[in-house]
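1. Turn this into a model:
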Amino acid sequence: MAKQPKRTQKWIGDRNAAHAVEEAVKLVKANANAKFDETVEIAVNLGVDPRHADQQVRGVVALPSGTGRDVRVAVIAKDAKAEEAKAAGAEVVGAEDLVERIQGGFMDFDRVIATPDMMALVGRLGKVLGPRGLMPNPRVGTVTPNVGQAVKDAKGGAIEFRTEKTGIIHAGIGKASFTEEQLLVNVRALIDALNKAKPSGAKGAYIKKISLSSTMGPGFKVDGGSVGA
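-> As a prediction, the model looks like this:
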């Protein structure tokens, strides 16, 4: 019996051209046809070499439209700060007991926040949380005495960004169900944050390429000039 030819997905739009960000957002939404609410993702290729300490890009940005997903927050704190975290909506709160649970394989959370006095304990979790990008860090506001606000920020749309080994930033900036305007303000907020986080060691073109896609859809190139890159 002859093999049936594979059916290829027909995407809407030109994947080779660089689009104004408004057009790119429209195309991503038009191609997000999965049966679930796809995440809209951005990839930004930076002109940096993260192997050098003075060219690493890392930070946090509050997305004005939120992320469209429920963020489960774990807080390593004790006494009054633990109660503050619970009141702010943290799903998991603890001190030595929580550290032991995480060491034992518990990973039912998306963000980890810790108070400064807990860092001696948190240091034990470097091998577990570090590879997953979950290690608390004062540079991105996840080591802080103000745990209540940090929990609210995490749940309200604050996301962390950091360069991968190849100098690329990947981040989810919303859902396909968002309006075009909601996605646009989130894209611009992230690009603005990246510009502000430009390291001193970066030479030449800083933001080289930008593309937008949805979980199951194709990627579309974005003209950097249309987002202030």
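2. in which helix or strand would I find the residue most central in space within the chain?
-> Centroid check for the chain by Cα atoms, centre = their mean gives residue 171 as the closest residue, at 3.9 Å. Secondary structure assigned from DSSP states H and E places residue 171 in strand 168-175.
3. Please name the strands paired to that strand in the sheet, noting orientation.
-> Sheet pairing here is set by DSSP bridges, and for strand 168-175 it gives strand 39-46 (antiparallel).
4. For the strand it pairs with, what is the distance to the chain centroid?
-> 9 Å (Cα atoms, centre = their mean, to the nearest Å).
5. what angle separates the lengthiest helix in the chain from strand 39-46?
-> What stands out as the longest helix in the chain, according to DSSP state H, is helix 180-196. Put simply, helix 180-196 runs at 30 degrees to strand 39-46, going by axes from the mean of the first three to the mean of the last three Cα atoms, to 10 degrees.
6. So what are the sheet partners of the following helix or strand past helix 180-196 and their directions?
-> Scanning forward in sequence from helix 180-196 by DSSP H and E, the next helix or strand is strand 207-214. Strand 207-214 has the following sheet partners, assigned by DSSP bridges: strand 39-46 (antiparallel), strand 220-222 (antiparallel).
7. Touching strand 207-214 from outside, list them.
-> Outside of strand 207-214, the residues within contact range by Cβ atoms under 8 Å, 6 or more residues apart in numbering are 21, 24-25, 28-29, 31-32, 34, 38-47, 176, 187, 191, 194-195, 219-222, 224, 227, 229. Just so you know, the C-beta spots here come from the backbone N, C-alpha and C atoms, and that holds for glycine as well.
8. Over to stretch 59-71?
-> By Cβ under 8 Å, 6+ apart, the surrounding residues in contact with stretch 59-71 are 37, 39, 110-111, 139-141, 153-162, 172-175, 177-178, 182-183, 185-186, 189-190, 192-194, 196-197.
9. sorry, back to before: how distant is the longest helix of the chain from the center of its chain?
-> Counting by Cα atoms, centre = their mean, helix 180-196 is centred 12 Å from the centre of its parent chain.
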